[in-house]
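coordinates for the following, if possible.
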Amino acid sequence: MPIDDESRDAEQAAAPSAPSVTPQAPAEAGAEPVARGGRHLPTATLVGVGLLAVIMASLLIRKEVFIVVAAGATCVALWELDQAFSRRRIRLPLVPLWVGAFGICLSAYHTGLEGLMVAVMLTIAAAAVWRIVDGGGGAAIRDAAGATFAVAYLPLMVGFVMLMLASDQGEWKVLLFILLAVANDVGGFFAGTRFGKHPLAPTVSPKKSWEGLAGSFLLTVVVALVGVSLLGLDPVSGVVLGILTPVSATLGDLAESLIKRDLGLKDMGSVLPGHGGVLDRIDSMLLTAPFVYVVLTVSSAAVS
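Numbers count the residues shown, from 1 in each chain. This is a model prediction of the structure:
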């Protein structure tokens, strides 16, 4: 149900202030383990391992299979974003966005960076025309602006993964990109739950801590160095990836947290038990993709 500005102000005034990062009380005997944010840890772990297995299988079977998986996940995330934006009376024209998501992924894979940018512009134009034909006025402008943001936030970022996939050793570069994101999450989770005392951004994401960020840096650097070594790339690129990934991933995660906070949501969806929605799972990867693509491209060119 849409929420007007007055209702939103009233809710914000009545809402309690964000809690600080404090150690949680020990769980009662027999209680099932729960991750930060109230998620069921065994379920989250099982789903996460299953997702990683599906991604690895699609990469190793055939690159085109991974393209379908990635584009399909993007379409689900666009639907989740539309459901979330509807709380502010913004409706995304999903049909052209879904078609455009597949077009952007295929164009990036087959024709490179130029094809990616052309497909992005065509998708934005198609979404705007679709919405105007459906009805003009201020609502159409608002929805078209939302569609432009959605394209830049989701299909465009996924397009950089497709650029990685199309390059030499592309499937292994994409796998490294995904493992870097996993290392960032795992390192941050365990360091944050064990040592986290100093909140990183208490008003945006109270559970994040500087200690958790340090854990992300540590594990991500290790994974990056091993990964670039197996790819035959310069170790310096591994250090760069190990530094850029936690920074960009944390910014991406905080950006989605800001969106959810403004919309009054805990999760963007519920299709992934223990994780929330698809967008909740890939939020930290979206902003990371362009940086990983650039670093791996430069490093590959240097050794060729």
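
quick one: neighbours of the nearest residue to Leu94 once chain neighbours are set aside, just the number.
Spatial nearest neighbour of Leu94, chain neighbours left out: Asp82 (5.8 Å); criterion: CB to CB, 6 or more residues apart in numbering. All C-beta spots, glycine's among them, are computed from the backbone N, C-alpha and C. Asp82: 19 surrounding residues under other CB atoms under 10 Å.

what's Asp82 in contact with, if anything?
For Asp82, the contact set (CB atoms under 8 Å, 6 or more residues apart in numbering) comprises 91-92, 94, 150.

which among those residues gets closest to Ala214?
Ala150 (33.4 Å; CB to CB).

now the element after the strand or helix carrying the closest one, going C-ward?
Using DSSP states H and E, Ala150 maps to helix 138-153. Later in the chain than helix 138-153, the nearest helix or strand by DSSP H and E is helix 155-166.

and the angle for that next one with helix 138-153?
Between the axes of helix 155-166 and helix 138-153, defined by axes from the mean of the first three to the mean of the last three CA atoms, to 10 degrees, the angle is 20 degrees.

returning to that earlier point: okay, buried residues for the helix holding Ala150 please.
For helix 138-153, a neighbour-count test (16 or more other CB atoms under 10 Å) marks 140, 142-144, 146-151, 153 as buried.

so which of those residues comes closest to Leu46?
Tyr153 (28.3 Å).

any idea of the mean pLDDT in the one helix or strand Gly50 maps to?
Secondary structure from DSSP H and E places Gly50 in helix 41-61. Averaged across helix 41-61, pLDDT comes to 85.

tell me which residues of it are tucked away?
Under 16+ other CB under 10 Å, the buried positions of helix 41-61 are 43-44, 47-48, 51, 55-56, 58-59.

could you do stretch 182-198 as well?
Residues 182-189, 191-193, 196 are the ones in stretch 182-198 that count as buried (16+ other CB under 10 Å).
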